[in-house]
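**Student:** here's a sequence, model it:
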Amino acid sequence: MKKLFAFATASLMLFALVGCGSRAAKLADIPDVRKCYIEGSAEYSTLTVDLTEYVDAKGEEVTYLPSCTAVSGCEVSVEGDVLSVTPSVAGEIGVTVEVQAGGRKAFDLSFTVYSYPCTRIACVGDSLTYGHSWHNESYPVYLQELLGDGVEVENFGYNGSAVTNRSEPSFRLKYDGLKEYTDSLNFEPDIVLLMLGSNDGFNWTGSASAFDAEYRKLITSYLESGVDTVILMTAPPTLEGNAFNLPNDIIRDNVCPAQRAVADDMELPLLDMRNLLEAQEDLTPLYRPGDGVHFSIQGAKLVAQFAADALKGV
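**Tutor:** Down below sits the predicted model:
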């Protein structure tokens with residue numbers, strides 16, 4: 001009886017120990033990542049990880065204790081279930097998150113962040129840059145794919161925007177009055193790709209007298225903010241009978257020559273989208289069906305390739 005009682009007592013003790021253990025489970029390991037960082041800019045450099053994708057709390061209160069190996073080159077924090085990692089130096093950074101459940105350590109989640117400095121490229125323009133209704137198929141998206149690691153491409157296009165106010169009292173889309181303009185400056189880009197002017201062609205009679213001065217003013221604002229290079233992109237052609245009645249002849253004969261003249265006078269690199277696209281055998285597949293102004297996926301990819309080629313010489 002004494003031995004049986006002792007065995008029963010030991011079994012109870014074992015059950016008690018098992019019962020007091022942490023019940024949270026590791027669902028998966030966090031994969032290693034590559035992260036382009038921008039010194040002094042947490043908004044663009046911070047990597048976020050939803051920890052619920054890697055931890056099953058099993059109904060218990062779970063807390064996280066994050067740390068990183070590069071103490072002076074990394075900031076880590078957890079808010080709720082979201083881990084934030086902000087590298088500030090190039091190199092290999094080990095990140096560990098101790099997961100505690102019920103007040104006890106359950107397990108660690110560890111992964112590596114390979115950080116590298118970025119070249120920041122701001123794509124500035126109208127719907128031809130933004131992507132109209134197809135933002136995820138815009139040329140900046142494909143430009144990022146082409147350029148890959150070491151480059152951060154941001155899209156600051158805005159539908160309907162123009163260089164001037166077109167001398168129209170109700171027009172409120174002059175680019176330097178938009179939030180996108182302010183955001184593009186705050187991004188602190190190294191390079192700006194500027195493709196604006198098509199919408200000024202809608203009322204060129206009202207835009208013509210102000211275009212040169214406003215175009216130069218916009219360009220100068222980027223150069224004075226610290227941008228290394230502004231690459232000007234001429235307004236692309238539009239198909240005849242397009243859905244927006246955007247006058248192709250006005251863009252060809254007035255807007256593009258004005259853009260070329262400014263590029264020449266200010267000694268800025270010019271990506272002549274007009275000439276490059278007109279040299280294509282057939283323009284039709286490069287535009288959305290029934291649209292005639294906005295690029296198809298094929299067109300956006302071609303524009304991205306032209307931009308990538310131009311950036312090689314910068």
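**Student:** okay, CA-based contacts and neighbour counts for the rest of this
**Tutor:** Fine.
**Student:** start and end of stretch 286-301, how far apart?
**Tutor:** For stretch 286-301, the first-to-last residue distance is 9 Å (C-alpha to C-alpha, to the nearest Å).
**Student:** chain center to that stretch, what's the gap?
**Tutor:** 22 Å (C-alpha atoms, centre = their mean, to the nearest Å).
**Student:** stretch 187-204 now?
**Tutor:** Going by C-alpha atoms, centre = their mean, where stretch 187-204 is centred and where its chain is centred differ by 18 Å.
**Student:** ditto for stretch 87-105
**Tutor:** Computed by C-alpha atoms, centre = their mean, the separation of stretch 87-105 from the middle of its chain amounts to 26 Å.
**Student:** just checking, V55 touches K26?
**Tutor:** Yes - proximity of V55 to K26 meets the contact threshold set by C-alpha atoms under 8 Å, at 4.9 Å.
**Student:** from E224, how far off is A213?
**Tutor:** As it turns out, when the distance is counted by C-alpha to C-alpha, A213 lies 16 Å from E224.
**Student:** before we move on, what about K217?
**Tutor:** Using C-alpha to C-alpha, K217 is found at 10 Å from E224.
**Student:** who has more neighbours, these two?
**Tutor:** When neighbours are counted by other C-alpha atoms under 10 Å, K217 comes out ahead of the other of K217 and E224, with 14 against 9.
**Student:** ok, the more buried one - contacts?
**Tutor:** Applying C-alpha atoms under 8 Å, 6 or more residues apart in numbering, one finds that K217 lies in contact with no residue.
**Student:** what about whatever helix or strand it lives in, average pLDDT?
**Tutor:** Per DSSP states H and E, K217 falls inside helix 204-224. Helix 204-224 shows a mean pLDDT of 98 in the predicted model.
**Student:** could you chop the chain up by domain?
**Tutor:** Following automatic domain parsing, one gets these domains for the chain: 23-117, 119-311.
**Student:** pick out the shakiest of these, pLDDT-wise.
**Tutor:** domain 23-117 (a mean of 91).
**Student:** what are the contacting residues of stretch 181-191?
**Tutor:** 119-122, 124, 156, 175-176, 222, 225-231.
**Student:** wouldn't A90 be in contact with V113 here?
**Tutor:** No - the criterion here is C-alpha under 8 Å, and A90 misses it with V113 at 9.9 Å.
**Student:** quick one: the strands in the stretch 201-314 of the chain, in order.
**Tutor:** Chain-ordered strands for the stretch 201-314 of the chain, with DSSP state E, counting those that start in this stretch as the definition, fall at 229-233, 270-271.
**Student:** quick check: R252 vs S88, distance?
**Tutor:** Taking C-alpha to C-alpha as the criterion, R252 is separated from S88 by 46 Å.
**Student:** ok, those two, which is more surrounded?
**Tutor:** Here R252 and S88 are compared on neighbour count by other C-alpha under 10 Å; more neighbours surround S88, at 23 against 20.
**Student:** list the residues that contact the more buried one.
**Tutor:** With contacts defined as C-alpha under 8 Å, 6+ apart, S88 is in contact with 37-40, 73-74.
**Student:** skipping adjacent residues, who's closest to it in space?
**Tutor:** Taking C-alpha to C-alpha, 6 or more residues apart in numbering, and ignoring the residues beside it in sequence, S88 has G73 as its nearest neighbour in space, at 4.9 Å.
**Student:** ok, that neighbour - contacts?
**Tutor:** 87-89.
**Student:** ok, now V303?
**Tutor:** Neighbours of V303 in contact, by C-alpha under 8 Å, 6+ apart: 139, 273.
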